[in-house]
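**Student:** kindly return the folded structure for what I paste below:
(one chain, ligands or ions: 1)
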Amino acid sequence: MIFGASGDLTHRKLVPALYNLFRKDRLMRHARIVGVARRPWDNERFRWGLRQATQEFSAETFDEEIWYEFEPLVTYYQGNLEHPGDYQSLAVHLDQLEGGPADRLYYLAIAPDLYIPTVECLGQAGMAEENGGTRRIVIEKPFGRDLQSAHELNQAVHYVFNENQIFRIDHYLGKETAQNILFFRFANTIFEPVWNRRYVDHVQIAVAETVDVGHRAKFYDSTGVLRDMFQNHLLQLLTLIAMEPPASFDDNALRNEKVKVLQAVRPVDIEDTILGQYEGYCETEDVRPDSVTPTYAALMLHIDNWRWQGVPFYIRSGKVMASKTSEITVVFQRPPHVMFNLPEGNQLTPNILSMCIQPDEGIHLKFETKLPDSGQETRSVDMEFHYRSSFGNGPLPDAYERLLLDAMQGDASLFARSDEIEHAWKIIDPIVAAWENEPQRRPYPYQRGTWGPDEARLLMRRSGRSWRLGCGDHDVMIQ
Ligand code: BG6
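**Tutor:** Take a look at the predicted model:
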């Protein structure tokens with residue numbers, strides 16, 4: 001059941017993902033997809049739009065014949081989510097369609113201010129009761145806009161659904177490369193022994209985008225980069241990189257470890273935060289002309305536990321950056337003693353492990369070698385793994401395929417638990433508050449197509465470090 005079926009998310013992501021699951025024989029042939037929205041559409045009109053969208057957004061896998069088999073599974077139901085009476089008739093419609101016990105997954109692809117009313121109406125209509133089949137609910141981000149609103153939302157949802165029925169989506173967790181962080185760390189033996197304060201100098205997490213706020217300006221202007229990207233995607237990547245090995249891939253075991261990381265994050269010193277806004281942002285339609293909404297942020301975090309004491313984590317994300325790249329870079333310490341005669345003033349370059357989440361998905365390990373035909377000179381070289389060359393040229397599955405399948409199967413490992421969401425807000429809220437409430441703090445301007453404001457570079461330079469990009473063709477150090 002997709003609530004908000006006429007919207008962008010349904011067309012761009014959800015239905016293309018369901019179509020691809022069907023194509024791979026992962027969606028049960030007896031499954032039914034019911035879209036609910038207010039528009040006076042019929043099945044034909046709904047399917048027509050979905051077909052156009054799937055053709056566009058799933059271009060590489062679109063197959064006419066498979067679409068004709070898939071299409072009859074999809075139906076449309078016109079209803080107003082703000083009318084409790086519509087849920088009663090919807091419940092009757094679903095009972096008839098199912099003709100017996102069936103599992104249901106409700107997907108809220110709707111505006112966040114409708115989450116609570118919709119959940120309450122589902123409860124009142126008895127649609128959360130698991131008599132004869134499971135009832136699960138998927139909730140999209142934003143999950144609140146601060147700790148208090150997230151807590152209220154958690155409470156309202158818990159009033160109707162149990163935690164094991166709730167699936168809070170963070171699409172970064174569905175990305176193949178983000179999932180691979182856990183496999184890289186815990187399906188190998190050689191990395192984990194050095195994954196700690198004794199060998200790691202610092203860690204960088206970057207999610208740089210080239211797009212601007214575009215048609216989402218209204219939403220974005222009241223949100224900003226800290227709420228839009230840090231509270232969720234970046235902190236989720238942090239937990240995957242920093243967590244202790246869970247005993248199993250069980251959803252609770254995994255999420256317990258992630259929560260421990262968030263709990264151990266030291267309150268961020270505001271002097272270790274830099275916010276930026278790209279030039280021209282305030283001229284965007286639907287943006288306030290005097291807006292101080294940040295479109296870029298860089299922070300330094302510390303995790304106060306045995307493994308990470310003293311290791312800074314530098315995290316940054318921004319819109320309209322020089323290139324699109326999401327990557328995690330682990331910079332190791334330099335060797336404790338240099339036995340080679342390096343040219344005057346030279347140091348050995350540290351080993352660097354870069355995990356590229358997107359777009360050139362892969363992993364790079366940089367290490368030192370002797371420069372051939374030299375006495376004792378060294379050069380850094382790169383050991384590379386690319387998904388493209390190891391697993392063929394086909395596209396990696398979209399994050400929504402994995403997440404929809406897991407939610408249908410009741411596996412919550414790649415979804416955020418209520419306490420995880422709240423702990424993440426506890427880290428972000430004070431930073432947002434300090435920048436919003438102290439008039440002398442305004443985001444630093446930066447030019448479009450750059451790596452953000454100069455002040456972010458100074459944040460690094462203070463500790464003698466620099467931002468790095470080690471994936472794809474970049475391999476650069478941004479001084
Ligand atoms: C979304 C944010 O959650 O993630 C967007 O709301 C952002 O502002 C997007 O552009 C980035 O996702 P991806 O998968 O393109 O890196």
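**Student:** secondary structure element for the residue nearest to residue 101 when sequence neighbours are not counted, which one?
**Tutor:** With C-beta to C-beta, 6 or more residues apart in numbering as the criterion, residue 101 has its nearest non-adjacent residue at 3.5 Å, and that residue is residue 132. Just so you know, the C-beta spots here come from the backbone N, C-alpha and C atoms, and that holds for glycine as well. Assigned by DSSP states H and E, residue 132 belongs to neither a helix nor a strand.
**Student:** kindly report the same for residue 252.
**Tutor:** helix 251-264.
**Student:** can you list the strands that the helix or strand following that helix pairs with?
**Tutor:** Per DSSP H and E, the first helix or strand lying C-terminal to helix 251-264 is strand 273-278. If you go by DSSP bridges, strand 273-278 pairs up with strand 296-301 (antiparallel), strand 444-446 (parallel).
**Student:** just these: most buried one?
**Tutor:** Highest mean neighbour count of the strands paired with strand 273-278: strand 296-301, a mean of 25 (counted as mean count of other C-beta atoms under 10 Å).
**Student:** can that one be found next to the ligand?
**Tutor:** No: using C-beta under 6 Å from any ligand atom, strand 296-301 never reaches the ligand; the gap is at least 12.2 Å.
**Student:** okay, that strand in PDB with CA atoms only?
**Tutor:** The C-alpha coordinates for strand 296-301 follow below in PDB (Å, rounded to 0.1, in the frame of the first residue of the first chain):
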ATOM      1  CA  TYR A 296      27.200  23.100   3.400                       C
ATOM      2  CA  ALA A 297      28.500  21.900   6.700                       C
ATOM      3  CA  ALA A 298      31.800  20.500   8.000                       C
ATOM      4  CA  LEU A 299      32.200  19.200  11.600                       C
ATOM      5  CA  MET A 300      34.800  17.500  13.700                       C
ATOM      6  CA  LEU A 301      33.500  14.800  16.000                       C
END
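**Student:** next structured bit after that strand?
**Tutor:** Following strand 296-301 toward the C-terminus (DSSP H and E): strand 313-318.
**Student:** just the buried positions in that following strand, please.
**Tutor:** Neighbour counts over strand 313-318 (16 or more other C-beta atoms under 10 Å) mark 313-318 as buried.
**Student:** now do that strand: which elements does it pack against?
**Tutor:** When contacts are defined as 3 or more C-beta pairs under 8 Å, 6 or more residues apart in numbering; DSSP states H and E, strand 313-318 packs onto strand 200-208, helix 235-242, strand 296-301, helix 454-461.
**Student:** what's the angle from the third one to helix 235-242?
**Tutor:** Pointing back at strand 296-301 there. 40 degrees (axes from the mean of the first three to the mean of the last three C-alpha atoms, to 10 degrees).
**Student:** how about the residues of the stretch 201-350 of the chain near the ligand?
**Tutor:** 209, 228, 326.
**Student:** which of the residues you listed has the most neighbours?
**Tutor:** residue 326 (24 neighbours; other C-beta atoms under 10 Å).
**Student:** roughly how far does residue 60 sit from the ligand?
**Tutor:** 17 Å (C-beta to the nearest ligand atom, to the nearest Å).
**Student:** assign the nearest residue to that residue once chain neighbours are set aside to helix, strand or coil.
**Tutor:** Spatial nearest neighbour of residue 60, excluding adjacent residues (C-beta to C-beta, 6+ apart): residue 395 at 5.4 Å. Using DSSP: H, G, I helix; E, B strand; the rest coil, the structure places residue 395 in coil.
**Student:** count of neighbours near residue 395?
**Tutor:** 12.
**Student:** now stretch 257-276: how far from the chain's centre is it?
**Tutor:** Distance of stretch 257-276 from the chain centroid (C-alpha atoms, centre = their mean, to the nearest Å) equals 17 Å.
**Student:** now that stretch: mean pLDDT?
**Tutor:** Stretch 257-276 carries an average pLDDT of 98.
**Student:** list the buried residues in it.
**Tutor:** The neighbour-count check on stretch 257-276 (16+ other C-beta under 10 Å) flags 257-262, 264-265, 268, 272-276 as buried.
**Student:** next: stretch 339-356.
**Tutor:** So, applying 16+ other C-beta under 10 Å, buried residues of stretch 339-356: 350-356.
**Student:** likewise stretch 22-34?
**Tutor:** 22-23, 27, 33-34.
**Student:** chain center to it, what's the gap?
**Tutor:** On C-alpha atoms, centre = their mean, the centre of stretch 22-34 falls 26 Å from that of its chain.
**Student:** which one of the residues in the stretch 201-350 of the chain is closest to the ligand?
**Tutor:** residue 228 (4.7 Å; C-beta to the nearest ligand atom).
**Student:** what's the closest non-adjacent residue to that residue?
**Tutor:** residue 220 (6.8 Å).
**Student:** poorly predicted segments of the chain, please.
**Tutor:** 470, 472-479 (pLDDT under 70).
**Student:** what about the residue nearest the centre of it, which helix or strand?
**Tutor:** The centroid of the chain falls nearest to residue 172 when counting by C-alpha atoms, centre = their mean (2.7 Å). According to DSSP H and E, residue 172 maps onto helix 171-174.
**Student:** please save the CA atoms from that helix in PDB.
**Tutor:** C-alpha atoms of helix 171-174 as PDB (Å, rounded to 0.1, in the frame of the first residue of the first chain):
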ATOM      1  CA  HIS A 171      18.200   5.200   1.800                       C
ATOM      2  CA  TYR A 172      21.900   5.500   2.400                       C
ATOM      3  CA  LEU A 173      21.700   2.200   4.300                       C
ATOM      4  CA  GLY A 174      20.200   0.500   1.200                       C
END
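**Student:** which strands and helices lie in contact with the helix or strand that comes right after that helix?
**Tutor:** Remark: after helix 171-174, the chain's next helix or strand is helix 176-186, criterion DSSP H and E. On a contact count with 3+ C-beta pairs under 8 Å, 6+ apart, helix 176-186 meets helix 235-242, strand 352-358.
**Student:** these: which one's closest to residue 285?
**Tutor:** Judged by C-beta to C-beta, the one of these that comes nearest to residue 285 is strand 352-358, at 28.5 Å.
**Student:** centre of the chain to the closest one, how far?
**Tutor:** 16 Å.
**Student:** which outside residues touch whichever helix or strand comes after it?
**Tutor:** Next helix or strand after strand 352-358 toward the C-terminus (DSSP H and E): strand 362-370. With contact meaning C-beta atoms under 8 Å, 6 or more residues apart in numbering, strand 362-370 is reached by 184, 348-349, 351-356, 376-388, 470-472, 475.
**Student:** measure residue 172 to the ligand for me?
**Tutor:** Counting by C-beta to the nearest ligand atom, the gap from residue 172 to the ligand is 7 Å.
**Student:** that residue: what's it in contact with?
**Tutor:** 178, 232-233, 236-237, 357, 399.
**Student:** do the same with residue 349
**Tutor:** Neighbours of residue 349 in contact, by C-beta under 8 Å, 6+ apart: 366, 368, 378, 380.
**Student:** mind doing that once more with 10 Å?
**Tutor:** Counting by C-beta atoms under 10 Å, 6 or more residues apart in numbering, residue 349 makes contact with 331, 334, 366-368, 378-380, 477.
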